[in-house]
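K.L.:
kindly return the folded structure for what I paste below:
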Amino acid sequence: MSHSSTAPPSRPSSPAPLYRRSPVRIGCVQYDVKLGRVSENAAKVERMTRNLQPGTLDLLVLPEMCLSGYVFNHPTAILPYLEPQRIGPTSLLARSLARRLRCHVVAGYPEALPSAPQPFEIDDTQSQTESNAGPSSMKQLEGEGTGVGWNSAVVVGPSGEVVGNYRKTFRFETDKSWAKEGDGFCHFDLPEPLGRVAVGICMDMNPKDFLAPWDAFELANYCREKAVNMLVVPMNWLSPPGEPPEDVPEQDPNEPSDSSINYWASRLVPLHDPVPGYATPREETPNPMGGKDVIFVGCNRVGTEEGTTFVGTSNVMTVSSNPSRIELVECCTVSEEKIMLVTVT
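P.N.:
Take a look at the predicted model:
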């Protein structure tokens, strides 16, 4: 599928780098997560992925907070949905998918504090509002501004083992109502063909607090400095608000969000603008074109939650610094629920 109209300006294609010895096969699960319906959402992901055959993917990505939903505006609201590492509903689903498909899985979830008592099992027949109260033992953990957990992503290997956990570094306003700030950007050295994979979560793509200079490019510069092969970003990316008096055209539900794609591309400038020093690491086979080729994977959700609309447009882009180029390989529309399957050669 070609979306030349949505792609930012790019140079002609360059040959695939030699250091990528085999194609990378990526799947993104874009769907409408229902707030507070953990079991229902997990069952939906299972249905959507049931026709995927083992051994046909290297990486499967689910959105940010992919089972709980996202819009929790008070710490008490999210307490019943906080998950422990490794054994929470999201980790168990990711581990099951990884074992069945024999691939790596990245999935977003609300991580509980290690000392947190576990909430009672959520009854999905209750509304999210009804179950906001949470157990009294967990309410005692609530502290305004201190955070009751982290907005995290789990990384699972093909045998079902948890090989990494990342905590969101830059928090959006909704996160700040309950989530602690993470410890900073990080990456994981995974088997080929994935290589060195950095994980960010949604707001990490933006300038910190929307106050840092635009050209700080915090996440992209981290990826450049650490010579990553892939940047994977689970998202709950919102439709941008209109700014009066400008008239914002209505988004076609059968098309991707051009503005979102171009924005994400613009936040990756350090990876596709010629930058001295961002070259192939010595232990890799040199790229005859002189630059490093990086894969960007953004997995977003669709639907509306508590009046907030999500923009979908899950996508895979390839980025190179020499020659300077960024190319849109594949993307979803703003409304479809699907598994986007991409092979990057």
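
K.L.:
so where do the helices sit in this protein?
P.N.:
With DSSP state H as the criterion, the chain has helices at 38-49, 75-78, 89-101, 136-139, 173-176, 218-225, 258-266, 269-272.

K.L.:
of the ones you listed, which is nearest V334?
P.N.:
Proximity to V334, assessed across the helices of the chain by C-beta to C-beta, is greatest for helix 258-266 (8.4 Å). Where C-beta positions appear, they are placed from N, C-alpha and C, glycine not excepted.

K.L.:
elements contacting that closest one?
P.N.:
Contacting helix 258-266 under the criterion 3 or more C-beta pairs under 8 Å, 6 or more residues apart in numbering; DSSP states H and E are the following elements: strand 315-321, strand 324-331.

K.L.:
picking up where we left off before, now render the helices of the chain as a markdown table, adding mean neighbour count, mean pLDDT and distance to Y109.
P.N.:
Listed next are the helices of the chain as a markdown table, based on neighbours: other C-beta atoms under 10 Å; pLDDT from 0 to 100; distance: least, C-beta to C-beta, whole Å:
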| stretch | mean neighbour count | mean pLDDT | distance to Y109 |
| --- | --- | --- | --- |
| helix 38-49 | 17 | 98 | 10 |
| helix 75-78 | 23 | 94 | 11 |
| helix 89-101 | 22 | 98 | 4 |
| helix 136-139 | 14 | 47 | 17 |
| helix 173-176 | 17 | 96 | 13 |
| helix 218-225 | 21 | 96 | 20 |
| helix 258-266 | 19 | 95 | 22 |
| helix 269-272 | 24 | 92 | 27 |
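
K.L.:
what's the closest of these to I201?
P.N.:
I201 lies closest to helix 173-176 among these, at 9.0 Å (C-beta to C-beta).

K.L.:
report pLDDT for R21.
P.N.:
pLDDT for R21: 70.

K.L.:
how many neighbours does it have?
P.N.:
11 (other C-beta atoms under 10 Å).

K.L.:
do N315 as well
P.N.:
Other residues within reach of N315, judged by other C-beta under 10 Å, total 28.

K.L.:
now swap in F210 and tell me
P.N.:
11.

K.L.:
do you know how far it is from M340?
P.N.:
With distances taken as C-beta to C-beta, to the nearest Å, F210 is found 28 Å from M340.

K.L.:
on that earlier part again, same list (the helices of the chain) but as TSV, adding distance to V148.
P.N.:
Below are those laid out as TSV (distance: least, C-beta to C-beta, whole Å):
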stretch	distance to V148
helix 38-49	17
helix 75-78	5
helix 89-101	17
helix 136-139	8
helix 173-176	11
helix 218-225	25
helix 258-266	30
helix 269-272	34
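
K.L.:
out of those, nearest to S335?
P.N.:
Nearest of those (C-beta to C-beta): helix 258-266, 13.2 Å.

K.L.:
need the winner for burial among the helices and strands packed on helix 258-266.
P.N.:
strand 315-321 (a mean of 25; mean count of other C-beta atoms under 10 Å).

K.L.:
which elements pack onto that one?
P.N.:
strand 24-30, helix 258-266, helix 269-272, strand 293-299, strand 324-331, strand 338-344.

K.L.:
now distance to L97 too, for these, in JSON lines please.
P.N.:
As requested, the helices and strands packed on strand 315-321 are exported to JSON lines (distance: least, C-beta to C-beta, whole Å):
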{"stretch": "strand 24-30", "distance to L97": "9"}
{"stretch": "helix 258-266", "distance to L97": "25"}
{"stretch": "helix 269-272", "distance to L97": "29"}
{"stretch": "strand 293-299", "distance to L97": "13"}
{"stretch": "strand 324-331", "distance to L97": "20"}
{"stretch": "strand 338-344", "distance to L97": "11"}
